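>>> show me how the following folds:
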Amino acid sequence: MTDVKIVDASALGAVLFAEPGGDAVAAQLRCGQLVAPSLLGYEIANVCLFKIRANPEQRTDFLTAFANWTEMGIELVTVDHASVLSVAEQCSLTSYDASYLWLARRLGGELITLDRQLRRAMSVR
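Next comes the predicted model:
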């Protein structure tokens, strides 16, 4: 059986844009079924946009890196927004971050993230 791994935007962004921690995340993602809430595309596009605005001379490189995420086979899943809201309240997270945690709990998968607050929330029930 394949391990389910829920990948968030902080982790995926590190891989795509060669950020610190990206190599370690890439190693974690190699084996397993990759899953994320359907909002992942918006978040990764936003990360790319911030990078383009900060370094417009690297626009082409950023857009090339951004395009790679669709080739990673990440299954996008619709979340239960009422349940996500409950997790966000319990764990003091944004609803965006809570959607990754909710999905990890729902699927019994490993949450791959570089977000410190989200990592702390993983131990809250």
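>>> what about the helices in this structure?
9-16, 22-29, 40-54, 59-67, 81-91, 95-107, 116-121 (DSSP state H).
>>> list the buried residues of the last one.
So that's helix 116-121. By 16 or more other CB atoms under 10 Å, the buried positions in helix 116-121 come out as Leu118, Ala121. To be clear about C-beta, it is placed using only N, CA and C from the backbone, and glycine gets the same treatment.
>>> check the gap between the residue lying farthest from the centre of the chain and Val15 for me.
Going by CA atoms, centre = their mean, the residue of the chain most distant from its centre is Glu57, 25.9 Å out. Distance from Glu57 to Val15, counting by CB to CB, to the nearest Å: 22 Å.
>>> check Arg119 too.
Arg119 is 17 Å from Val15, where distance means CB to CB.
>>> and if you look at Arg30?
11 Å.
>>> give me the neighbour count for Pro20.
Other residues lying near Pro20 total 8 when counted by other CB atoms under 10 Å.
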